[in-house]
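Chemist: please work out how this folds:
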Amino acid sequence: MKRKTKLIHGGIPFDPHTGAVSVPIYQVSTYKQDDIGVHKGYEYSRTGNPTRHALEQYIADLEEGARGFAFSSGMAAINAVFSLLSAGDHIILTDDVYGGTYRIVTKVLSRLGIEATFVDTTRLEEIDEAVRPNTKALFVETPTNPLLKVTDIAKVADYAKVNQLLFIVDNTFSTPYWQTPIALGADIVVHSATKYIGGHSDVVAGLAVVNSEKLGEELHFVQNATGGVLGPQDSWLLIRGLKTLGLRMEAHEENAQAIVAYLTGLDSIKSIHYPGLKSHPQHELAIRQARGFGGIISFDVGSAERASEVIRKLKYFTLAESLGAVESLISVPAKMTHASIPRERREQLGITDGLIRVSVGIEDNEDLIADLEQSLKG
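Modeler: Predicted coordinates for the structure are as follows:
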């Protein structure tokens, strides 16, 4: 089954009880039991809900995994996955991860006795140097937020297996339409489903998919115990959003490539980060590993003052947190999504005050380019 067909027919495509072609919103907290402990598969909606279950089966199919899980936010999904670790464990993470991931690792997990090291995971030797006797997991974001670095998932997966490390991939930027990390050897995939999977700036959610029933049982225990589950209304919104994911991802990428082509001709732009550029350090890897380059671009205009000036002039790009929506969103990571990372650390990574991140929407790209052109003048 090809991907666009799977987006329509994957998971549980209709309600098994009524035949409804859209799985209903089961707005219910508890379920009638036929006898003590005898029920129809559901007993309490924190443990399981039919609408959420349909979403979880759907994302498991799309990510080619064994079992899926839906959470109240992307950070709730990441927190649940990190909860598979124990006090005294050590985890290695990509160096320029999303600020929320950096924050939970350095400010929350650290208080629970879990140690962390951030390295450039595009360089396997840096991972190898960071491994300790108590290292239990590798967490990779690829492409990264906001510098769009690409890690070789298959190569790191092989390394993780040899060293008996749990391998987790944040697939938010690519989505299962462009990239399927479990097929490349990852153990767990996580998403901020608020972004491309929802796609319409109307839901906050997180997803996780595991590659085995054993991991599925472990993660379900954590999900049920801690309770950060996604409600049925939001689950239904994600199911609806996923059906058009392929069309949207192709439109995002087409527009992104047009904007990159425009930006590359400007002397005022200090640098452009986009895996689709031939000059990108991991361009060839991105071609091998993924089916598309995505709709996120970041570029450096030189200073915080210049970034503010450019953004103030824009008409069609909305200054906002988040990404992956049908409307084009723009942000300055150093002041917004990555503000929780210390300034010195940001500068080491290349997250400068003049770095602008664009989540390209599905508007007409001629309008978007014209808007950028008038804002970058002067």
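
Chemist: which residues of the stretch 1-150 of the chain fall in strands?
Modeler: Counting by DSSP state E, counting those that start in this stretch, one finds strands in the stretch 1-150 of the chain at the ranges 67-71, 90-94, 115-119, 135-141.

Chemist: now for the closest residue to Val358 other than its chain neighbours: which residues touch it?
Modeler: Nearest residue to Val358, sequence neighbours excluded (CB to CB, 6 or more residues apart in numbering): Ile297, at 4.7 Å. C-betas here are computed from N, CA, C, even on glycine. Applying CB atoms under 8 Å, 6 or more residues apart in numbering, one finds that Ile297 lies in contact with 148, 256, 259-260, 263, 272-274, 357-358, 360.

Chemist: switch the strands of the stretch 1-150 of the chain over to TSV; also include distance to Gly231.
Modeler: Conversion of the strands of the stretch 1-150 of the chain to TSV gives the following (distance: least, CB to CB, whole Å):
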stretch	distance to Gly231
strand 67-71	9
strand 90-94	29
strand 115-119	31
strand 135-141	27
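
Chemist: just name the most buried of those.
Modeler: Counting by mean count of other CB atoms under 10 Å, strand 67-71 has the highest mean neighbour count of the strands of the stretch 1-150 of the chain, with a mean of 26.

Chemist: list of residues touching that strand?
Modeler: Strand 67-71 is contacted from outside by 52, 55-60, 77, 80, 193, 205-210, 213, 215-216, 219-220, 223, 228-230, 235, 238, using CB under 8 Å, 6+ apart.

Chemist: equivalent analysis for stretch 94-106, please.
Modeler: Contacts of stretch 94-106 (CB under 8 Å, 6+ apart): 74-75, 78-79, 82, 91, 93, 114, 116, 118-121, 139-142, 144-147, 149, 151, 170, 192, 333, 337-341, 349-351.

Chemist: with only the CA atoms kept, save it in PDB.
Modeler: C-alpha atoms of stretch 94-106 as PDB (Å, rounded to 0.1, in the frame of the first residue of the first chain):
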ATOM      1  CA  THR A  94      21.400  15.500  19.900                       C
ATOM      2  CA  ASP A  95      23.000  18.800  20.800                       C
ATOM      3  CA  ASP A  96      20.600  21.300  19.100                       C
ATOM      4  CA  VAL A  97      17.300  19.600  20.300                       C
ATOM      5  CA  TYR A  98      14.100  21.600  20.800                       C
ATOM      6  CA  GLY A  99      14.400  23.800  23.900                       C
ATOM      7  CA  GLY A 100      11.600  21.900  25.700                       C
ATOM      8  CA  THR A 101      13.500  18.700  25.400                       C
ATOM      9  CA  TYR A 102      16.700  20.400  26.600                       C
ATOM     10  CA  ARG A 103      14.700  21.800  29.600                       C
ATOM     11  CA  ILE A 104      13.200  18.600  30.700                       C
ATOM     12  CA  VAL A 105      16.500  16.800  30.500                       C
ATOM     13  CA  THR A 106      18.500  19.400  32.300                       C
END
